[in-house]
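J.: Following is a predicted model, sequence given first.
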Amino acid sequence: MRGSRIIVVCVAAAWPAAIPACKDKPPGGEWVVQVEKDDVRIAKAKDEAKRRWPEFVAAFQAREPNTAYAVKAPLTSPSGKVEHMWLQVTELSETTVSGILDNVPQGDFPMKHGDPVTVPLADVEDWIIGKGAGNIVGAFSIPALREAEQERGGN
């Protein structure tokens, strides 16, 4: 698909119960949706996530038990393939976000699910705070990706 990219929608363990769209994730697999690089819905979702970033920072700084905090960012494989994956956040700085990779990369990535990853703060394109089924804040890209998937004849 010319000009497309792969975006991994659902994180591995923490989110299927919290995000209804993630319930359809194949067992043992990732739910992957391809969208055009210039998809307007994704751009709007990124803008909203960036606009509301201070909300995530405040919540992470006041972490509550039994609450998951994750961000989505693009990661590039040695061959240049880009996948947009989720990290369970463990640390925030003024310039970076560190966490545990919560996806199984689909390409030739040297990292695997559960590996520590640090990304530049500027690369964060979505975030989510989850306290259980239906009790989430963020995940701005999920509806846009779900819509893109349905347009292509997916679930």
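T.: Sure thing, it's come through.
J.: Identify the single longest strand in this protein, thanks.
T.: Longest strand of the chain, by residue count under DSSP state E: strand 82-92.
J.: can you give me the mean pLDDT across that one?
T.: For strand 82-92, mean pLDDT rounds to 92.
J.: helices or strands up against it?
T.: Using 3 or more Cβ pairs under 8 Å, 6 or more residues apart in numbering; DSSP states H and E as the contact test, the elements touching strand 82-92 are strand 4-8, helix 53-61, strand 68-76, strand 96-101, strand 116-120. Where you see a C-beta, it was placed from the backbone N, CA and C, and this is true even at glycine.
J.: go again using 7 Å as the cut-off
T.: If contacts are counted by 3 or more Cβ pairs under 7 Å, 6 or more residues apart in numbering; DSSP states H and E, strand 82-92 sits against strand 4-8, helix 53-61, strand 68-76, strand 96-101.
J.: Quick one: residues contacting the spatially closest residue to Ser79 that is not a sequence neighbour.
T.: Distance criterion Cβ to Cβ, 6 or more residues apart in numbering; nearest residue to Ser79, sequence neighbours excluded, is Asp108 at 5.3 Å. The contact partners of Asp108, by Cβ atoms under 7 Å, 6 or more residues apart in numbering, come to 77-79, 81.
J.: Closest one of the residues you listed to Asp38?
T.: Closest approach to Asp38 among the contacts of Asp108 (Cβ to Cβ): Lys81, at 18.5 Å.
J.: For the spatially closest residue to the closest one that is not a sequence neighbour, give me the backbone phi and psi.
T.: In space, and not counting its chain neighbours, Lys81 is closest to Gly107: 4.0 Å by Cβ to Cβ, 6+ apart. When read as degrees, to the nearest 10, the backbone of Gly107 gives phi -100, psi -160.
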